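Visitor: I would like to see how this sequence folds:
(chains A, B, C and D)
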2 protein chains.
Amino acid sequence: MIAKDIPDIVVSRLPRYLQTLEHMQKDGIRTTSSQELGDLIGISAAQIRKDLSQFGEFGKQGKGYSVDFLVDQLRQILNVNRSWDIVLVGAGNLGHAIANYQGFGNHGFSIVMIFDSDPALIGQKIGNLTVQDAAQMVDLVRASGIKVGMITVPAQAAQAVADELVKAGIQAILNYAPINLTVPEGVHVQHVDPIIYLQRMTYYLA
Amino acid sequence: MIAKDIPDIVVSRLPRYLQTLEHMQKDGIRTTSSQELGDLIGISAAQIRKDLSQFGEFGKQGKGYSVDFLVDQLRQILNVNRSWDIVLVGAGNLGHAIANYQGFGNHGFSIVMIFDSDPALIGQKIGNLTVQDAAQMVDLVRASGIKVGMITVPAQAAQAVADELVKAGIQAILNYAPINLTVPEGVHVQHVDPIIYLQRMTYYLA
DNA sequence: GCAATTTCGTGATAATTTGCACAACACTTC
DNA sequence: GAAGTGTTGTGCAAATTATCACGAAATTGC
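Guide: Presented below is the predicted three-dimensional model:
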């Protein structure tokens, strides 16, 4: 695609740009500027211009950016102009809630397999999926070619699940377990942990 | 308490240190080093030492850090050596899942009020709480003195809810709605959005 | 058509953040 | 009790990240 020496921190901002631009799109806004976008997101206009300029020249002087065009470009850059199948491991309360969450589908993410090791959960229906036996996970996931996984098992089981997912060829893991995962180079992990976000704020509270 | 001007980025790492140290504590580990902690978290030993040194001298040369002591210090720094009451706004699927999530209690966070504007939800029981009418939220929250809120309403309602929470005296908001919130200076927001985390990873996938 | 205005893309500069390396100290071993 | 080893806290240097500010291009208004 494009030169791969783009800093992580730049990449990490792009989804927020895309999200905001998609809202604009829905509101019928056809054109925007780095200034307007920055005000909405709460960062400087210069930063947005510099970030985008890493990937190409998407704007027009005096005019700004076409919202539709920029959305399209960002989707290409982020590889979300396609759909991604996802495997979910852990069919407990949290797993259920996530499997039932409608927000993924609207953005091209689709949970297509759910696993658990608890016999009481295996065979259960969640939406139109059936919870499958975790013992078969590696084989089934590898055969499916799925590249993205989510972990919603208890902390003490999470690293073992991550290891299996890696073995199955998974390259990106969204981890809901409250523990740090160690994965090989080339596998990406993002950690979703509300406790950590709360503690980042309580620091500032009197 | 801590009068200094500590960079945000340092503060944002502390909860992860605390989490990891708490796991060590549970495993019966009494002493650790910046090296060991760094290996577990995946950051450099020097960074950990430098981060901690912003707040005091917690270690001993040649010996390392007492896990118990460091956990205690970090809890003090992060203001989590106490309990925090939380108001949850939005009693839909996501709100239900979060209200039922047991993980908060173990870390001193306790959801004590739930609001929604949907008459079909008001009056419903979730655990031992009853969903209350959002119209009364500002008064009830202000009277309660609660400082932390969570937003689990649809995107289009989130900013209005945030405005009300601010009016009610809330100073920290954990936002699950997929939209950027604008809040006055002094109010802290953390955004939990799985879509954004997924997109941060798909960028790197072939 | 031309001046005024807007806004981009970017090189230069400033600020922030990270990493290095070492003195100081503490424990261990012999 | 001295030598050896391990580990902290930190000044300084390096690397990274953000901001500034300006030329160039596009648009608007008269």
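
Visitor: could you give the average pLDDT over stretch A:124-136?
Guide: Mean pLDDT, stretch A:124-136: 97.

Visitor: please identify the buried residues of that stretch?
Guide: If you call a residue buried by 16 or more other C-beta atoms under 10 Å in any protein chain shown, then stretch A:124-136 has these buried ones: A:126, A:131-132, A:134. The way it works is simple: take the backbone N, C-alpha and C, and place the C-beta from them, glycine included.

Visitor: hmm, it touching chain B?
Guide: No - with C-beta under 8 Å from any C-beta of the partner chain as the criterion, chain B is not reached by stretch A:124-136; the gap is at least 12.0 Å.

Visitor: going toward the C-terminus from the longest helix along chain A, what's the next helix or strand?
Guide: Looking across chain A with DSSP state H, the single longest helix is helix A:8-26. Where DSSP states H and E defines the elements, the next helix or strand beyond helix A:8-26 is strand A:31-32.

Visitor: between helix A:8-26 and the next helix or strand after that next one, find me the angle.
Guide: On the C-terminal side of strand A:31-32, the nearest following helix or strand under DSSP H and E is helix A:34-41. Helix A:34-41 and helix A:8-26 are oriented at 90 degrees to each other (axes from the mean of the first three to the mean of the last three C-alpha atoms, to 10 degrees).

Visitor: who's in contact with the nearest residue to A:G92 once chain neighbours are set aside?
Guide: Spatial nearest neighbour of A:G92, chain neighbours left out: A:T152 (6.7 Å); criterion: C-beta to C-beta, 6 or more residues apart in numbering or on different chains. Going by C-beta atoms under 8 Å, 6 or more residues apart in numbering or on different chains, A:T152 touches A:88-92, A:94-95, A:98, A:176-177.

Visitor: just to revisit the earlier point, quick one: list the elements packing against the longest helix of chain A.
Guide: Helix A:8-26 sits against helix A:34-41, helix A:45-53, helix A:67-77, helix B:194-202, with contacts defined as 3 or more C-beta pairs under 8 Å, 6 or more residues apart in numbering or on different chains; DSSP states H and E.

Visitor: most tightly surrounded among those?
Guide: When those are scored by mean count of other C-beta atoms under 10 Å in any protein chain shown, the highest mean neighbour count falls to helix B:194-202 (a mean of 22).

Visitor: hmm, it touching DNA strand D?
Guide: No - against DNA strand D, helix B:194-202 shows no contacts by C-beta under 7 Å from any atom of the strand, the least distance being 13.7 Å.

Visitor: show me the shaky parts of chain A.
Guide: Low-confidence segments of chain A (pLDDT under 70): A:1-4.

Visitor: middle-most residue in it, spatially?
Guide: A:L174 (6.9 Å; C-alpha atoms, centre = their mean).

Visitor: next, give phi and psi for it.
Guide: Dihedral angles of A:L174 (phi, psi; degrees, to the nearest 10) stand at phi -100, psi 110.

Visitor: just grab the bridge partners of A:I151 for me.
Guide: Beta bridges link A:I151 to A:V89, A:N175, judged by DSSP bridges.

Visitor: what's the burial count for it?
Guide: By other C-beta atoms under 10 Å in any protein chain shown, the residues close to A:I151 number 28.

Visitor: likewise A:S110?
Guide: Around A:S110 there are 12 other residues, counting by other C-beta under 10 Å.

Visitor: against B:V192, how distant is the residue nearest to the centre of chain A?
Guide: Using C-beta to C-beta, to the nearest Å, A:L174 is found at 12 Å from B:V192.

Visitor: which parts of chain A belong to which domain?
Guide: A:8-77, A:84-196 (automatic domain parsing).

Visitor: export those domains as JSON lines, with columns for distance to B:G103.
Guide: Shown next, in JSON lines, are those (distance: least, C-beta to C-beta, whole Å):
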{"stretch": "domain A:8-77", "distance to B:G103": "25"}
{"stretch": "domain A:84-196", "distance to B:G103": "6"}
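
Visitor: if you compare these, which one is most tucked away?
Guide: Buried most deeply of the domains of chain A, by mean count of other C-beta under 10 Å, is domain A:84-196, with a mean of 18.

Visitor: can you pull the contacts of A:G95?
Guide: By C-beta under 8 Å, 6+ apart, A:G95 lies in contact with A:88-89, A:114, A:116, A:126, A:152-153.

Visitor: centroid-wise, who is the farthest residue in chain A?
Guide: No residue in chain A sits farther from the centre than A:G62, which is 34.1 Å out by C-alpha atoms, centre = their mean.

Visitor: make sure I have this right: that one is in a strand.
Guide: No - per DSSP: H, G, I helix; E, B strand; the rest coil, A:G62 lies outside any strand segment and is coil.

Visitor: longest strand in chain A, by number of residues?
Guide: Longest strand in chain A, counting residues (DSSP state E): strand A:109-116.

Visitor: what does it rub up against?
Guide: With C-beta under 8 Å, 6+ apart as the criterion, strand A:109-116 contacts A:83-92, A:95, A:98-99, A:104, A:122, A:126, A:129-134, A:136-137, A:140-141, A:144, A:146, A:148, A:150, A:153, B:195, B:198.
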